[in-house]
Every structure is written in C-alpha cells, then in structure tokens.
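Colleague: here's a sequence, model it:
(3 chains)
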Amino acid sequence: MANFLNNAWYVAFWISELDDKPLKKKILGRNVLFYRDSNGAAIGLSNECPHRFAPLHKGRIEGDTIECPYHGLRFDRTGLCVYNPYSDDCDGLPANAVLRAFPVVEKYRFIWVWMGDPQLANEAEIPDYSFLDNTAAFTATAEATLTMPVNYELILDNLMDLSHGQFLHATTLGNSAMAAGSTTARKVGNIVYSERLNPAGEVPLLFAPAQLVDAGALVDFWNDMWWAPGSCYYLEVGITPAGRPREEGVLIKSAQILTPVDERNTEYRHILYRDFLKENDAVTIAMEALVSKAFSEEDEPMLIEVQDGMAGKDFWELRPAILKGDRAAIMVRRTMQKLIEDELNSSLS
Amino acid sequence: MANFLNNAWYVAFWISELDDKPLKKKILGRNVLFYRDSNGAAIGLSNECPHRFAPLHKGRIEGDTIECPYHGLRFDRTGLCVYNPYSDDCDGLPANAVLRAFPVVEKYRFIWVWMGDPQLANEAEIPDYSFLDNTAAFTATAEATLTMPVNYELILDNLMDLSHGQFLHATTLGNSAMAAGSTTARKVGNIVYSERLNPAGEVPLLFAPAQLVDAGALVDFWNDMWWAPGSCYYLEVGITPAGRPREEGVLIKSAQILTPVDERNTEYRHILYRDFLKENDAVTIAMEALVSKAFSEEDEPMLIEVQDGMAGKDFWELRPAILKGDRAAIMVRRTMQKLIEDELNSSLS
Amino acid sequence: MANFLNNAWYVAFWISELDDKPLKKKILGRNVLFYRDSNGAAIGLSNECPHRFAPLHKGRIEGDTIECPYHGLRFDRTGLCVYNPYSDDCDGLPANAVLRAFPVVEKYRFIWVWMGDPQLANEAEIPDYSFLDNTAAFTATAEATLTMPVNYELILDNLMDLSHGQFLHATTLGNSAMAAGSTTARKVGNIVYSERLNPAGEVPLLFAPAQLVDAGALVDFWNDMWWAPGSCYYLEVGITPAGRPREEGVLIKSAQILTPVDERNTEYRHILYRDFLKENDAVTIAMEALVSKAFSEEDEPMLIEVQDGMAGKDFWELRPAILKGDRAAIMVRRTMQKLIEDELNSSLS
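Modeller: As a prediction, the model looks like this:
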C-alpha cells in the first residue's frame, strides 16, 4: 500500500500491554503477532499460519515458540516452523512454512515494531522520547490509547496546527488568544518542527489548575511540536507570565504517537508529563477529564466528519485552501510523500 | 453521477425544519449546508470548508456568515471567505477559499434547492403545489418525512401505478376493485399524468371514515397523479357514489415529494389535504395511522426487497415484464433519462 | 459466478422446515422461492417477480400458484405467469413474465434443489445418505443448521482433515492421539474418500459417554469421510478397544452438508446417528452440547479469522504450506475446480 511508510518504527503497544499472552495488532493493514519468549523478550511475527492461515495469536506459547491453534505447527522467533506434530509427515517440516519476522524494540514505555525491510531496521532511529524516563521531574497525566476511525493524515493535520484550539477546544484546552499567535515551521533532516507562541492572553483552560498567575493576569502560551517519521509527535506546551522568560513558567511535555491501523483507522497513544502541582491528584483527574473530552468529543467527531466530507478523494486533488499556519503540516505531508515514494522506488529497483 | 438530474428543484426541508441552527442535508450524494441569515433568509452552501473540509453545519452563525467550527474561517451567503482570524496571515483571505452556493427558495411549505447550474435556476419552474396554501378549504393530514433505504426510482414505480393498492395495501388504503380500473397516461411538456378510475367498488379503506355512502353501497374511486422533474408528485384521490359526478364526492389532494439522498437512500415527504370531516380529529388520527402503516410497513419493506432482488442491476437490463398500468411510470423513467442525458451532454459541450 | 458449481444437488431445507408457507433461501448467491402445491409437492422457482422484482416468498399460495404480493400476478410450478388481475390488460399475460424453475426432490430428510441446467438434473445423483432412513438402528443426535459467515471452501478444509481435533477440539471432541494417526486419501469417480486411523489412544471426548472401555484403557479411533459434489459430506467416526475389530466398537454415522449462500456465507446442516446407549437422553444432551460447542465456539470463530487473515486473496495465490494430511482436502478442491471449469466451458460452447 503506497500510502504507508513501511521503513519506520511504529508503536504497537504500551510495554505494559504485552504480558504472557500472545496479542494481535493490525498495523499498516497487516496483522502482526506479538508474544514474549521464555526470557521475556518481545517477538513480532506475521499472524497468519502459512499452512491454513489460522490466527496465531489464538495459539499457545510453547517455550520460545508459538503453536498454531488449528493444526499445531510451531514457529520460533525467526518465523521458522520448528515442529510438526503429524506422524504422517514423519516429523518433516513443510515447505513454505515460514512466518515473516518483524524487528521489535522496547524503549520509552513503548513496544516498537519495524514494518519494513528488516535489514534497514536501526534502533537508533527511534525518535527521542527520553523525557519519558525522567519520572522524577514530572507527573504522568492522561496516558491513553484512542482508536479513531480516520486516516492518520487527518490527525497529522490536527496535531501540526494547534491554533484550532481557540475554536474546536474553546471550552477544554484553548484560550481566545490562540489565533493571534505566530508559528515558525522548519525542517531539520526528516524532522519537522512547529513552534507557536500566543502572547499575552488569558490562561488556557488546560493550565487553569496550575494557578501560575492571579485571576485576569495574562500569560504567554507556547506550543512547540516536532514530528518524526513514521507518525511520532512530541509536544511541549507551557505558559509563563506575559513577557517573562519560560523558566518562570510551567510546562507539559507529551508524546503523541499514531499507529495507522489501516487506511481508515488509527491508534493514537498519548501521555502528558507535567512539572507543576505534581502531587496533586485532583489536578491529575481534572486535566485527564479535559484531555479526554477534547480528544474524544471534539477532535474525533470533527475528523470523522472531515473524512466523510472528503468522500474518499485525495487531499491535494481537493485543492485545499492553505493558511500560513498549515506550513508545518504540509511539510510533514510532503516529507512522508517523499519517503514513501523513495521506499517504493527502491523496492522496485 | 449520471443517475441524478441536477438541474431541478429539490425539497431540502419543510420550512418549519430550518430555524436558527445550521443544518446539513445530503441531496444527490452531496452535503449541503442550510442556515438563515440575520434577515431570516435561507441560504444553501456546500458543507465542506475548503480549508480542511470541516463540516460547516457544526459551526456557528455569525451575523450573516457561517463560521467554521475547526479553524474559524467565515463565509458569506455567496460562499466567499470573508474573515480569517489568524494574525499569521495578516487577515489575508486564502486562495481557493470559496464554497459553492446553491439557489434556495421557500414556497408551498417547503425549502427548495436547485442542485445544478445556478444560471439555470428559475423559481417559476417549481411545480405547482398552490393547493397547500389553501388551508381554508382543507384539513392537513399525515404530514411526514420518511427516509427509505432505496433508490428513488423504485418509489417512482410505486407512486405512478397505484393499482398495487389492491394487493399491497389490501388492509390499509385500497379496495378489492382497484385491479378492475383503467388508467390513462399522458405527457404534457415534461409533466406526466396518470389518471386511474376504479368504478363501482366498495369504499376504499382510507375513505371509510368519510361515511359518504351507506354500508355496502358502491363508489367510483379515482387516483389522479402527476409527476414533474426532478421528483415531485401530486396525487388526488377521491370517491363519489357510483355513477355520480365527482362534485358529489369527497377528495384528498396530496403532495408526495422525493429527495434522492444518494443512490440507495431517498427522503420521502408527504402531506394530505382532505375536504371532508375537517374538524374531526379522530378522523385525522385514524387516517394518519393508515397512511403510516401503508407507507412504512407495506411499501418500504417491499421496496427494500425489490432493491435487494435487483442485486445492483439496471432496471432495463433485467428485461422487466410490462403491464399496461406501467405506462405512466415508464414515461417518467424515460423523461428523466432524457433530461439526465441532455444535462450530461450540455455539461460536456 | 465461477466459484460455484451450479450443476449439483444442494440442500435447501430439512424437509420439516417447509410447511404451508412460502420460503426464500439464498443459494449460490441467488434467491430461490420454495412452496408446496395443493398436493404437498415442493416447488422451487426464482424469487423475483419478473414484473417489478417483488419478493414472491412474501406472497400468497393460491391453489397451485404463487401470487405476487405487490401487483397480484400468479405463477405456476413451471414458472409461467398464469393470471394477471388487471382489466387494462384484458387478462393478457405479459411477455417476459416467466420465472426460472429449479428441480426439487425430497429425499433423506432434506429438500434438494438442482441449481444448474434443469436438463441435467438426475435424482439418482443425490449422494447416498440412506443410513438416515434406518432409524431403527440409530438414535438421531445433534440435528442442527449453522449459518457460518465464511466461504464454503474453508469448511471443506476443516471437514476433510479431522486431525485438527487434537488442537482445536482438545476439550470437546478430540483426543491427544489424533496427530499420531495416518490418513488414506483416494478418489473414485468424483467422490473423494479420507480415512484416518488414530491407533491406541485415550477415548476421544465425544465417545466418553459410550463407556466402551474401562478408564485409562486405550482405543483405536477412526474417522472415515467422503465428499461428493457439490458440498455433501458423510462422516463415520468410531472407536474399538485397541487392536480389536471395528465390529466390537461403537460408531456414529453423520451427514454434514454445506449449502453455499454466497461467497462469504454458508449454511451447514449436520445430523449424527449413533448406535450406542440409544435410549439414553442424557447422552444425547451431553453429545449435543459437545458438538454445538465444537462447531459454534471453536470451528466457526477459527474459520472467520482464517477468512479475515486471507484478506480476500485466493487460496493458491497465498502459496499455502502443505501437510500430508491435506491430501483429501486438496483432492476435493481440485475436483471442484475441474467441475466448475467444465461447467463454464460447456456453457460457453
């Protein structure tokens, strides 16, 4: 499928999701089996048994192998069939009985899988979410997985231009000064940065509990984002008293990571780390309610209607009107398009 | 879509449906936004914002404009973007930011929209339902909107040959003499008339409450219909003592108007005006129950099965058997086919 | 549709299912009407009225004819329109008003229908299920109709290789010795035989109630199957004390008959006849619970996942790994493929 970039690291699970049971996850339209071997190492294989295409995630883990639930063939972590129970076959191993193996890495709270050519998998290319390991400095807030019935590119547009917070999230996350800000968009290698400053506005609703300034006092509000291939986003949002250095303010760092399920469905994992009122559970609960409402009741229904309104047509074919605030999103779309074309060309050559 | 006639007036709503909230209606496969400006005038625009295709009917009416709920662009009644809130753009208005405007007219209890070339829209071509304004002479009965999951042409066949009342509506609307009648079908311009007289039969069930004749006495029963493009029907049904002039009888005039939603769904609005027992609410309630049962429990399930039985094939390709009573329906099908072909040819030239 | 064999007998119903009401059954993607004439003889006709494609199974049986519920045309058992109620037509019978008639036979508890060229229908080709008439020697157990949302070929693979009982049915039907058996596959004419013996194992769970041997004693367990076109299976399973002749054992004969509804749905009728503990209702109930669980909770979910895993691709295109135990299933697939190709070629010539 030419609309997905295969040669990239995708998040399959939160590390805590994969325990001693095999699990299936559909990523880029393909079913991938995940399980842990006897050492606890995570393994990724194609989920269809090559004999009669039975779903291996319904099978049993036998030592370091997975046993097919239909006819009992067993496969090792490299995808090779290593056991055939039928005496008719004199323990012979059938031809073609091999699964595809996907490189898997556990890092920064996530299980990552490389969906493309295993030769090209390089763990060092996993985007830098090292702040997630710094649990001393931050309090984790609003860890969640959403499954949205929309193409991942619509979430891309949503994330790379946060100025919509003034309209779509007027009662949850935003403030009325967001449209007045200005955005800087730039690309370094294949990383796209979008940095937006909304000066001297009211406190955005998400930060109301931080009580940084007196009622009515103004703050500068920044939204700094980067995107890295395939669908990894980092967002830092913060406020500081109007005109003061950021160091005097408070901030939230967050991972916002998309896993395209197929052309019309996307898993969206996010987690926020805040540096203020860190022991205050009431603040955690209030922030989680706001984030949940904004993403599930505001963004998701909007994106479903957008997808319906596009009626299956290509984004560019629809000749969209472009605002300056769209620059970062368009950089990401073009970078992805280029990477997908390059991948397609190299697979043909 | 070559199966729809665009250059025609379609009913989008009952006038009473559109108040101070914007509404979306899918017509001929396209989403149309309707709202009222500050003078109460109804406006029809394409519903997808040209920036990121957000659904404008979820937005706010701001003065005479509609504001996009996603990023706040505003559009006037001609479809032009007249406000951009983002200071990055220095209040510049983006290229391509224009909606399609659809001519809209309020007349005869309905909001009509012209789905084709606005240059060709002529309010005088709205079919004549002026009887609907004569509320002194009639009592309105059974005003309803049905959404049937079938192609509009199947409802066309149903409406243009009412002889099926003897079989499909044997216990609701019809009588056992309907097959014995005879139909005259004729075409004047693009209007098709179907006039059917069922002589000297028992009182049809719909007219039982009128108590026009003694129990067991016979009546002549007429069903006179016209169709006008796109999908407008007028039906007059009446009874008179067998052999007597129609003036001695009672009658019901009705509007039966179809709005094709898409290839497989149709909105069906109908309203009956009766000239008998006008103050009798019990009669109103009884007639509404009969009409509702006939349309929703007899016609609709039948047409759903017909559509299923046709399995996506074209009507003519299936080589249907033709009865004389089908002449009017076939005139309508052929008139529509000609109008659609003409429209297609003129749009290509 | 090239994936179905039309020239074959298919089971439409258990005889007891068709009483005095007309019924519709979709077989090989086509809707067939079944009803009984005034002599009780079963009739099979295409279900769409040739006039406006109304569903005839919603109509009334009038003497030996079926009356269309929409406009009242009547058709006889040969499919001819024999009555038109409309006086406009002067009782003329419209051209093209003919239904397709399907040969129908009642035999061995089933109503069989021939879906292909009526000239080729030969009742003698109905596969031999004469054991079903021998109700003196057996007790009927687990008579049921399942509707599985899968292509019939996936059930074919399942039935023609019962060694999966050790894995998929480990707690319902099978035993742990099934993989240790050996299968003989052969073809005689167009009948494919698959005979499997699992020697000296524990008593399979389905036979536990038979109490043939003491706890812990071993049995030989046989699974003998034949398949005949289009989708008829006969299965005999039995156990005997290890090393002893089959005559000293107990057995179950069964009919397992598939009716392809369309490309993705199949009706599956089965009935078991057992020769042991024949008067014991508790055994009947226990066996029915095991069979129901195995088919509905183990086979069906497995086959749904297999169909999903195949993602619409052709079986051979997926280059499946082949085990020796697959020989019979592959013989059936190839026999069907040949029969379908021959049918297609003869219809083209």
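Colleague: how about the residue nearest the centre of chain A, secondary structure?
Modeller: Centroid-nearest residue in chain A, with Cα atoms, centre = their mean: A:Ile257, separated by 1.8 Å. Secondary structure, DSSP: H, G, I helix; E, B strand; the rest coil: A:Ile257 is strand.
Colleague: these two touch, right, it and A:Leu235?
Modeller: No. With contacts counted by Cβ atoms under 8 Å, A:Ile257 stays clear of A:Leu235, the gap being 10.8 Å. Every C-beta, even on glycine, is put in place using the N, C-alpha and C of the backbone.
Colleague: residues of the stretch 51-200 of chain A that sit close to chain B?
Modeller: Proximity of the stretch 51-200 of chain A to chain B, by Cβ under 8 Å from any Cβ of the partner chain, involves residues A:Asp157, A:Asp161, A:Ser163, A:His164, A:Gln166, A:Phe167, A:Leu168, A:Ala179, A:Ala180, A:Gly181, A:Ser182, A:Thr183.
Colleague: ok, 7 Å please
Modeller: A:Asp157, A:Ser163, A:His164, A:Gln166, A:Phe167, A:Leu168, A:Ala179, A:Ala180, A:Ser182, A:Thr183 (Cβ under 7 Å from any Cβ of the partner chain).
Colleague: about what we covered before: who's the residue nearest to the centre of chain A bridged to?
Modeller: A:Cys232, A:Arg269 (DSSP bridges).
Colleague: ranges for the helices of chain A?
Modeller: Remark: helices assigned in chain A by DSSP state H are A:152-160, A:281-293, A:300-310, A:327-348.
Colleague: neighbours of A:Ser176, how many?
Modeller: By other Cβ atoms under 10 Å in any protein chain shown, the residues close to A:Ser176 number 13.
Colleague: in this structure it contacts A:Gln166, no?
Modeller: Yes. Assessed by Cβ atoms under 7 Å, A:Ser176 is found in contact with A:Gln166 at 6.0 Å.
Colleague: what's the nearest residue to A:Met115 if we skip its chain neighbours?
Modeller: A:Asn6 (4.8 Å; Cβ to Cβ, 6 or more residues apart in numbering or on different chains).
Colleague: ok, A:Asn3 next?
Modeller: Spatial nearest neighbour of A:Asn3, chain neighbours left out: A:Glu263 (6.6 Å); criterion: Cβ to Cβ, 6+ apart.
Colleague: likewise A:Phe34?
Modeller: In space, and not counting its chain neighbours, A:Phe34 is closest to A:Leu23: 5.0 Å by Cβ to Cβ, 6+ apart.
Colleague: check A:Pro241 too.
Modeller: Excluding the flanking residues, the one nearest A:Pro241 by Cβ to Cβ, 6+ apart is A:Val213, at 5.5 Å.
Colleague: next one: A:Thr183
Modeller: Counting by Cβ to Cβ, 6+ apart, A:Arg196 is the residue found nearest to A:Thr183 once chain neighbours are left out, at 4.3 Å.
Colleague: need the contact list for the residue lying closest to A:Asp64 once chain neighbours are set aside.
Modeller: Once flanking residues are discounted, A:Asp64 sits nearest to A:Asp37: 4.2 Å by Cβ to Cβ, 6+ apart. Residues near A:Asp37 by Cβ atoms under 7 Å, 6 or more residues apart in numbering or on different chains: A:Ile43, A:Asp64, A:Arg77.
Colleague: how about A:Asn84, what does it touch?
Modeller: By Cβ under 7 Å, 6+ apart, the contact list for A:Asn84 reads A:Leu73, A:Asp91, A:Gly92, A:Leu93, A:Pro94, C:Leu323.
Colleague: any idea how far the first one is from B:Leu33?
Modeller: Computed as Cβ to Cβ, to the nearest Å, the A:Leu73 to B:Leu33 distance reads 57 Å.
Colleague: so these two - more neighbours on which side?
Modeller: Neighbours per residue, other Cβ under 10 Å: of A:Leu73 and B:Leu33, the larger number sits with A:Leu73, 28 against 25.
Colleague: my read is that the residue nearest to the centre of chain A contacts A:Cys232, right?
Modeller: Yes. Using Cβ under 7 Å, A:Ile257 makes contact with A:Cys232 at a distance of 5.3 Å.
Colleague: quick check: closest non-adjacent residue to the residue in the stretch 101-250 of chain A that chain B sits nearest to.
Modeller: Nearest residue of the stretch 101-250 of chain A to chain B: A:Ala179, at 4.0 Å (Cβ to the nearest Cβ). In space, A:Ala179 comes closest to B:Pro85 once its chain neighbours are excluded; the distance is 4.0 Å by Cβ to Cβ, 6+ apart.
Colleague: roughly how far apart are A:Glu267 and A:Phe276?
Modeller: 29 Å.
Colleague: what parts of the stretch 1-150 of chain A come near chain C?
Modeller: Contacts of the stretch 1-150 of chain A with chain C, taken as Cβ under 7 Å from any Cβ, map to A:31, A:47-48, A:50-55, A:58, A:69-72, A:84-89, A:94-97.
Colleague: in strands, which of these fall?
Modeller: With strands taken from DSSP state E, the overlap with the residues of the stretch 1-150 of chain A next to chain C comprises A:Asn31.
Colleague: filter the residues of the stretch 1-150 of chain A next to chain C down to the buried ones and hand me the ChimeraX line.
Modeller: Filtering those down to the buried ones (16 or more other Cβ atoms under 10 Å in any protein chain shown) takes a single ChimeraX command:
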select /A:31,47,48,50,51,52,53,54,55,58,69,70,71,72,84,85,86,87,88,94,97
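Colleague: residue contacts, A:Glu125?
Modeller: A:Glu125 neighbours (Cβ under 7 Å, 6+ apart): A:Trp9.
Colleague: show the contacting residues for the nearest residue to A:Phe167 once chain neighbours are set aside.
Modeller: Distances taken as Cβ to Cβ, 6+ apart put B:Gly72 closest to A:Phe167, at 4.6 Å, once the chain neighbours are dropped. The contact partners of B:Gly72, by Cβ under 7 Å, 6+ apart, come to A:Gln166, A:Phe167, A:Ala179, B:Pro85.
Colleague: again, but for A:Leu168
Modeller: Neighbours of A:Leu168 in contact, by Cβ under 7 Å, 6+ apart: A:Glu298, A:Asp299, A:Met302, B:Pro69, B:Tyr70.
Colleague: and those residues as TSV, adding pLDDT?
Modeller: Formatted as TSV, these follow (pLDDT from 0 to 100):
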residue	pLDDT
A:Glu298	97
A:Asp299	97
A:Met302	97
B:Pro69	97
B:Tyr70	96
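Colleague: determine which two of the residues you listed are furthest apart.
Modeller: Spanning the widest gap among the contacts of A:Leu168 are A:Asp299 and B:Pro69, at 11.6 Å by Cβ to Cβ.
Colleague: what comes up buried for stretch A:273-290?
Modeller: A:Tyr273, A:Arg274, A:Phe276, A:Leu277, A:Val283, A:Thr284, A:Met287, A:Leu290.
Colleague: next: stretch A:117-125.
Modeller: For stretch A:117-125, burial by neighbour count (16+ other Cβ under 10 Å) applies to A:Ala121.
Colleague: alright, calling it a day.
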